[in-house]
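Novice: Below is the sequence, then the predicted model.
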Amino acid sequence: MSKRLFDWVMATLGLLVLAPVLLFIALAVKLDSPGPVFFRQERVGRFGKTFHIHKFRTMRHDPVGQGLQITVGGDSRITRVGRLLRETKLDELAQLIDVWQGTMSLVGPRPEVPRYVQHYPADLKDKVLSVRPGITDIASIEYRDENDVLARAANPEQEYIQVVLPHKLALQAKYVEQASVLMDVRLILRTIMAIVRR
C-alpha cells in the first residue's frame, strides 16, 4: 500500500470513528472562550508550498495574530480547555482534515511557520520539505515536553532556533531517508503510547 493511500484510508476512518469525540471537543472549545473552533495558521508544506493547518483552538482568539509563534509552558494565552487539549494532544486531531485533503500525512516532519523555515540549512531544507508534513514524527515524540523546555530558557525563541530546531531537523531528515508505511505504523503506536504514559 502506498503512503498516500494509507494516509487517506486512515484519515477517513479516523474522521468517521472519532466524529463524536471531535464534535465534543468543538463544543467544549466554543463554550470555553469566544472565537472560532479551529485555529488556522500558515505552515510550510511539501516542496515549500504553504497551507493553513487545522488545530482545535487552545488559546484566546487573536484576530490580529500578533502573538509569539511558539508556545511556552504556562503561556497565559492558553484557555482552560486548551490546556487539557494540549496535554493530551487532542487539539492535533483536527489535522486529520489536512491528511484527508492531502496537504499533510499521518507521519512526517512537523510543518513549521514560514518564519522558522527561513532558518533551515539549505541541504536539510530540501530534504525535509521533499515529503508531506505529518501530525507526528520522531521529533514530536522526542520533544514531547518542548513547551516546558522553552519555558526554562532565558530567551525561548532563541533557544528554539539555535538548539531545538537543528536537532529536530536532524531527526526529520533521518526519517525522510528511512520512511516507509511500516515505520509510520510504528511511530503512530509510539505516539499513542507516549500520550497514554503521560
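Specialist: Thanks, I have it.

Novice: Just the mean pLDDT for stretch 99-106, thanks.
Specialist: In this model, stretch 99-106 has an average pLDDT of 97.

Novice: Other residues contacting that stretch?
Specialist: 3-4, 6-8, 10-12, 15, 45-46, 51, 53, 95, 98, 111, 131-136, 184, 188 (CB atoms under 8 Å, 6 or more residues apart in numbering). Every C-beta, even on glycine, is put in place using the N, C-alpha and C of the backbone.

Novice: In strands, which of these appear?
Specialist: Secondary structure defined by DSSP state E assigns F51, I53, G134, I135, T136 of those to strands.

Novice: which residues sit in contact with L189?
Specialist: With CB under 8 Å, 6+ apart as the criterion, no residue contacts L189.

Novice: In helices only, show me the contacts of stretch 99-106.
Specialist: Taking DSSP state H as the definition of helices, the contacts of stretch 99-106 contribute K3, R4, F6, D7, W8, M10, A11, T12, L15, D98, D184, I188.

Novice: Now a PyMOL select for only the buried ones of those residues.
Specialist: Entered in PyMOL, the line below selects the buried ones among those, by 16 or more other CB atoms under 10 Å:
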select buried, resi 3+6+7+8+10+11+98+184+188
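
Novice: so how many other residues sit close to the residue lying closest to T79 once chain neighbours are set aside?
Specialist: Spatial nearest neighbour of T79, chain neighbours left out: S33 (4.8 Å); criterion: CB to CB, 6 or more residues apart in numbering. S33 is surrounded by 15 other residues when neighbours are defined as other CB atoms under 10 Å.

Novice: CA atoms only for the least confident helix or strand in the chain by mean pLDDT, dumped as CSV, please.
Specialist: Among the helices and strands of the chain, helix 146-151 carries the lowest confidence by mean pLDDT, DSSP states H and E, at a mean of 83. Output for helix 146-151, consisting of C-alpha atoms alone and laid out as CSV, is shown next (Å, rounded to 0.1, in the frame of the first residue of the first chain):
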residue,chain,number,x,y,z
GLU,A,146,9.0,21.1,24.2
ASN,A,147,6.9,23.9,25.7
ASP,A,148,8.3,23.2,29.2
VAL,A,149,11.9,23.1,27.8
LEU,A,150,11.4,26.5,26.2
ALA,A,151,9.8,27.9,29.3
